[in-house]
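>>> Fold the following and give me the result.
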Amino acid sequence: MLNEFKTFIARGNVLDLAVGVVIGAAFTAIVTSLVDDLINPLIGLIVGGIDFSGWGFAIGDAKFAIGSFINAIIKFLIVAWVVFLIVKAVNRLMPKKEEAPAAPAGPSDNDLLKEILATLKAK
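Prediction:
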């Protein structure tokens, strides 16, 4: 079982995934700062000084932070946009694979059966 685990973890795609997770964590800190320190104050200026982070309400002991949810949506949209741009750029840089020419179609099953029947009748 240990050897199987070593084989699994040594695969290239697992290592790529690990690198992606580490870079994603660092990218999350950048996006959080971008949203909290730049975008939200800019939106606040546009809509009259409203700060999303303070938006919320409470029912009994439960507190609902709507502003935090709005911040999370903004962060998600930024990350999704950047990932889209990265994938688009990588796809443009990758060489296009040429499709192999289609193999000529062989005889259909009916044709083969007719040929077998004709051969059997001839004997």
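>>> list the helices and strands the lengthiest helix in the chain packs on?
Looking across the chain with DSSP state H, the single longest helix is helix 66-93. Helices and strands touching helix 66-93, by 3 or more CB pairs under 8 Å, 6 or more residues apart in numbering; DSSP states H and E, are helix 12-33. The way it works is simple: take the backbone N, C-alpha and C, and place the C-beta from them, glycine included.
>>> could you give me the average pLDDT of the helix it packs on?
Averaging pLDDT along helix 12-33 gives 81.
>>> just the CA coordinates of the helix or strand following it, formatted as PDB?
Per DSSP states H and E, the first helix or strand lying C-terminal to helix 12-33 is helix 40-46. Output in PDB follows, covering the C-alpha atoms of helix 40-46 (Å, rounded to 0.1, in the frame of the first residue of the first chain):
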ATOM      1  CA  ASN A  40     -14.800  48.100  -1.900                       C
ATOM      2  CA  PRO A  41     -13.700  51.700  -1.100                       C
ATOM      3  CA  LEU A  42     -14.100  52.600  -4.800                       C
ATOM      4  CA  ILE A  43     -17.600  51.100  -4.800                       C
ATOM      5  CA  GLY A  44     -18.300  53.000  -1.600                       C
ATOM      6  CA  LEU A  45     -17.300  56.300  -3.200                       C
ATOM      7  CA  ILE A  46     -19.500  55.500  -6.200                       C
END
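>>> what's the first-to-last distance across stretch 2-15?
Here the two ends of stretch 2-15 are set 18 Å apart, with distance taken as CA to CA, to the nearest Å.
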